[in-house]
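**Q** Based on what follows, work out the 3D shape:
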Amino acid sequence: MTRHEIVKEYIAEASVEAVMLTRNSNIQWFFEGEVDPRIDTSSDFGGFWLLITDSMVIALCPEYDCERIKDEVLPHDVEILSCSGLPSMIDSASRLCSKFEHIAVDSDVSSSCSNYVPLAESFYERTQLLNDREILRLRVVGKLSENILCEFAPELQPGMTEIEIEKVLRAIFIESGLEIPTLCVASDERISKSPYPVSTAKKVSRYLMLRATIKKQGLTVSLSRYFHFGAVPQEIEQKHERASGIAAKAAVAIMRAKSMGEVFAEIKNAYISLNAGNEIMSYSPGGSIGYTQNKFLFSPDSQIAVKSPASYAIGPRIDGLFSEDTVLLNSSGTAEFVTLGEDFPKVKVRLESFRVHRPWIMVI
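**A** Take a look at the predicted model:
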């Protein structure tokens, strides 16, 4: 099913006549990651917007960038409506919206229109599904991300600062054609202080965490990896064993569950079995990722369906440590860790008939 057909299916279900997409993630999803609508990467809004009906796809473009977008960005079968600038785009969007009895929009750019309807959750559930080409790209990005960390590991040394490590890693990811919206480098006692320990000028002593969100053509993966200079203390090993066990149970739960709420319940039970039931409420253990990162989280009583093929981030945090990876739930119902390659050290977690590999601590 093409993305246009998926939108048309939503139009019929939601009893609207058209859909307008203004946000980068939704536009990238519509074009299967092959079109980049961004000019300002810090903005949620695309450099052009899409109006989609049963019979046509129209791009609203600012006049000053219309020629580039037409020649270099958009497919030739997309019609283009030129506007004099951003205010004109908003006015044009409002005029277009006024022609429909009901139009679903992914932002409030046309909130002045009485026929404005926000896109429902059922639309975003559809965006979780990946096609074969996107699955291949997800696997490539996932393995490449971990390989970069593995290849960089021999360069790590005590005395390097967190920010120095981040600068070099960012350059390597960018050189590899990847975007890295989030990269946290934390060492020693800072590792357990926050889920997002932003890199500082602190020098690394013995223990290091790298936590990253990586993006390619709109698709996102996330992972966390730990490194230690010299023998790992038993206390740290025990904490990683606990986190690895919960992550393994989360992966099995994704294969079995019908809803995000069911996955959360299984993860919560894993926390409770370790006498840490209160910790799950302090930080989300994961959720959907793909094009719309964190749109749907594993949360209590969530009725959002677990989809396949689709990607999910699992990142339980216990004792201040993560066991974080990106999982592809295949159409066959099997879970595949796309960010877990061959070279990083692993530990095997046994769950019933399953043997789940989780990343361990790399000793340097």
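
**Q** For the stretch 201-350 of the chain, just list every one of the strands.
**A** Secondary structure of the stretch 201-350 of the chain by DSSP state E, counting those that start in this stretch: the strands cover 207-216, 219-228, 286-288, 310-314, 317-318, 321-322, 325-329, 335-337, 346-351.

**Q** So which other helices or strands are in contact with the third one?
**A** Read that as strand 286-288. strand 310-314 (3 or more C-beta pairs under 8 Å, 6 or more residues apart in numbering; DSSP states H and E). Bear in mind the C-beta positions are built from the backbone N, C-alpha and C, glycine included.

**Q** next one: the strand it packs on to chain centre, how far?
**A** 8 Å (C-alpha atoms, centre = their mean, to the nearest Å).

**Q** which residues of the stretch 151-300 of the chain fall in helices?
**A** Ranges of helices within the stretch 151-300 of the chain are 162-175, 234-256, 260-273, based on DSSP state H, counting those that start in this stretch.

**Q** and of those helices, who's closest to N26?
**A** helix 260-273 (20.2 Å; C-beta to C-beta).

**Q** quick revisit: format the helices of the stretch 151-300 of the chain as JSON lines; extra columns: mean pLDDT.
**A** Formatted as JSON lines, the helices of the stretch 151-300 of the chain follow (pLDDT from 0 to 100):
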{"stretch": "helix 162-175", "mean pLDDT": "98"}
{"stretch": "helix 234-256", "mean pLDDT": "96"}
{"stretch": "helix 260-273", "mean pLDDT": "97"}
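
**Q** Could you dump the ones you listed into CSV and include distance to F123 and mean neighbour count?
**A** Converted to CSV, the helices of the stretch 151-300 of the chain look like this (distance: least, C-beta to C-beta, whole Å; neighbours: other C-beta atoms under 10 Å):
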stretch, distance to F123, mean neighbour count
helix 162-175, 31, 16
helix 234-256, 22, 20
helix 260-273, 16, 20
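
**Q** Any chance of these in CSV with distance to V198 as columns?
**A** Formatted as CSV, these follow (distance: least, C-beta to C-beta, whole Å):
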stretch, distance to V198
helix 162-175, 9
helix 234-256, 21
helix 260-273, 26
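
**Q** For N147, which of these is the nearest?
**A** Using C-beta to C-beta, those put helix 162-175 closest to N147, at 10.5 Å.

**Q** picking up where we left off before, closest to K8 out of the helices of the stretch 151-300 of the chain?
**A** Nearest to K8, of the helices of the stretch 151-300 of the chain and by C-beta to C-beta, is helix 260-273 at 26.3 Å.

**Q** Quick one: residues in contact with the closest one.
**A** Helix 260-273 is contacted from outside by 245-246, 249-250, 252-254, 256-257, 277, 279-280, 285, 287-288, 296-306, 316, 318, using C-beta atoms under 8 Å, 6 or more residues apart in numbering.

**Q** again with stretch 73-88
**A** With C-beta under 8 Å, 6+ apart, stretch 73-88 has contacts from 31, 35-37, 48, 50-51, 56-64, 66, 69-70, 89, 91-92.

**Q** Inside helices: which ones of those?
**A** In this view, the contacts of stretch 73-88 that belong to helices under DSSP state H are C66, M89, D91, S92.

**Q** and of those residues, the nearest to E151?
**A** Looking at the ones in helices among the contacts of stretch 73-88 and their distance to E151, the nearest is C66, at 42.8 Å (C-beta to C-beta).

**Q** what pLDDT does that closest one get?
**A** Among the per-residue scores, C66 shows a pLDDT of 92.

**Q** Could you double-check that C113 lies in contact with C97?
**A** Yes. At 4.2 Å, C113 counts as touching C97 under the criterion of C-beta atoms under 8 Å.
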